[in-house]
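Chemist: Pasting the sequence and the predicted model now:
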Amino acid sequence: MMNQNNLELSRKIIIALDVKNRDEARKVLESLPEARIFKVGLELYTAEGPAMIELVKSYGKEVFLDLKLHDIPNTVAGAVRSAVRHGISMLTLHTSGGREMMSKAVESARETAEKEGKPVPLLLGVTVLTSLSDSELEEIGYRLDSKNQVLRLARLALDSGLKAIVCSPQEIELLRSELGSEIKLITPGIRPAWAEAQDQKRIMTPAEAISKGADFLVIGRPITRAPVPREAFSRVVEELKASVKRT
Ligand code: C5P
């Protein structure tokens, strides 16, 4: 049994369920009994649909639905409604969809949750994809560099009613200092010192990211592809515990 402190820390770690199908998803879920939140992304959702939300919930876990919604306000509000009916904890949308799209999404989440007796999910704003270089940003017509564009979109997201932003580890300090302590920051690109970087370039350890102000860490391969995933997970929890003690 985990104690309360470990339980709280383990809810800071979101496991990326980046797998192709239901069987693989089951394997990951069964290999990580202590993990609390699992991220279902585009690949798995497109392959198996909302049944994957039910699958994660059938293990008593929470769902982070990473569909990065981006469409006209009415369509996004409809997708949010459908997602909330499944009973999810977190859902991503692109902040570049604009103010009305985001505020309609917030309204739709609140109303649907109330009507259907479901939890109101945390809507997470995606700002600038970290895969885009400054020259690619220019190519698609953005005039600001990545850092300022991130800040601009994050401010717009807050102003439109969002309470959480997905950001890279390098953006945590900037967003935390510019946007205050209320906003929730969720960051991927996390690599424990003992794990390989793989294709992630600008990485940070779990303890570093939390001490800089992240609220949630999205971690995939360092845990799911570890020889013993459960051990890798508890190793990360222990590292977070040690860093919390130090601060
Ligand atoms: O396996 P790994 O820990 O690299 O997985 C990270 C997860 O976070 C993946 O699901 C990936 O799609 C997601 N992500 C990311 N970088 C971003 C946004 C999302 O790695 N900028």
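Modeler: Looks like it arrived, so ask away. Not measured: the values here are computed from a predicted model. Numbers count the residues shown, from 1 in each chain.
Chemist: Now the phi/psi pair for the closest residue to residue 108 other than its chain neighbours, please.
Modeler: Counting by CB to CB, 6 or more residues apart in numbering, residue 77 is the residue found nearest to residue 108 once chain neighbours are left out, at 3.9 Å. No exception for glycine: its C-beta is placed from N, CA and C like everyone else's. Reported as degrees, to the nearest 10, the phi and psi values for residue 77 are phi -60, psi -40.
Chemist: List the contacts of stretch 100-116.
Modeler: Here stretch 100-116 makes contact (CB atoms under 8 Å, 6 or more residues apart in numbering) with 69-74, 76-78, 80-81, 84-85, 91, 93, 95, 118-121, 123, 125, 156-157, 160-162.
Chemist: In strands, which of these fall?
Modeler: Secondary structure from DSSP state E places 69, 91, 93, 123, 125 of those in strands.
Chemist: Pipe the residues you listed into a markdown table and attach distance to residue 205 per row.
Modeler: Below are the ones in strands among the contacts of stretch 100-116 laid out as a markdown table (distance: CB to CB, whole Å):
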| residue | distance to residue 205 |
| --- | --- |
| 69 | 31 |
| 91 | 27 |
| 93 | 28 |
| 123 | 28 |
| 125 | 25 |
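Chemist: For the protein, what lies in contact range of the ligand?
Modeler: Residues of the chain lying close to the ligand by CB under 6 Å from any ligand atom are 16, 18, 41, 130, 168, 188-189, 200, 218-222.
Chemist: By pLDDT, rank those and give me the bottom one.
Modeler: Ranked by pLDDT, these bottom out at residue 200, which scores 83.
Chemist: Now for it: which residues touch it?
Modeler: For residue 200, the contact set (CB under 8 Å, 6+ apart) comprises 188, 189, 191.
Chemist: Quick check on it: phi, psi?
Modeler: Dihedral angles (degrees, to the nearest 10) for residue 200: phi -80, psi 130.
Chemist: Confidence-wise, which helix or strand of the chain is lowest on average?
Modeler: Least confident helix or strand of the chain, by mean pLDDT, DSSP states H and E, is helix 4-10 with a mean of 88.
Chemist: buried residues in it?
Modeler: By neighbour count on 16 or more other CB atoms under 10 Å, the buried set for helix 4-10 is 6, 9, 10.
Chemist: got the residue ranges for the strands in the chain?
Modeler: 13-16, 37-40, 62-69, 90-94, 122-126, 164-166, 184-187, 216-219.
Chemist: any idea of the angle the fourth one forms with strand 62-69?
Modeler: Spelled out, that is strand 90-94. Put simply, strand 90-94 runs at 10 degrees to strand 62-69, going by axes from the mean of the first three to the mean of the last three CA atoms, to 10 degrees.
Chemist: partners of strand 90-94 in the sheet?
Modeler: Its sheet considered, strand 90-94 pairs with strand 62-69 (parallel), strand 122-126 (parallel) by DSSP bridges.
Chemist: Count the neighbours of the closest residue to the ligand within the chain for me.
Modeler: Using CB to the nearest ligand atom, residue 220 is the residue of the chain that sits closest to the ligand, at 2.5 Å. Residue 220 sits with 20 neighbouring residues when counted by other CB atoms under 10 Å.
Chemist: now swap in the one 3 residues further on and tell me
Modeler: Counted with other CB under 10 Å, residues neighbouring residue 223 total 25.
Chemist: Before we move on, what's the pLDDT of it?
Modeler: In this prediction, residue 223 has a pLDDT value of 98.
Chemist: unless I'm mixing things up, it is touching residue 15, no?
Modeler: Yes: counting by CB atoms under 8 Å, residue 223 does reach residue 15; the two are 6.2 Å apart.
Chemist: Report the set of residues contacting both of the two.
Modeler: Contacts common to residue 223 and residue 15, judged by CB under 8 Å, 6+ apart, are 32, 35, 233.
Chemist: what would the residues you listed look like in CSV with pLDDT, neighbour count and distance to residue 205?
Modeler: As requested, the shared contacts of residue 223 and residue 15 are exported to CSV (pLDDT from 0 to 100; neighbours: other CB atoms under 10 Å; distance: CB to CB, whole Å):
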residue, pLDDT, neighbour count, distance to residue 205
32, 98, 23, 20
35, 98, 26, 18
233, 98, 23, 15
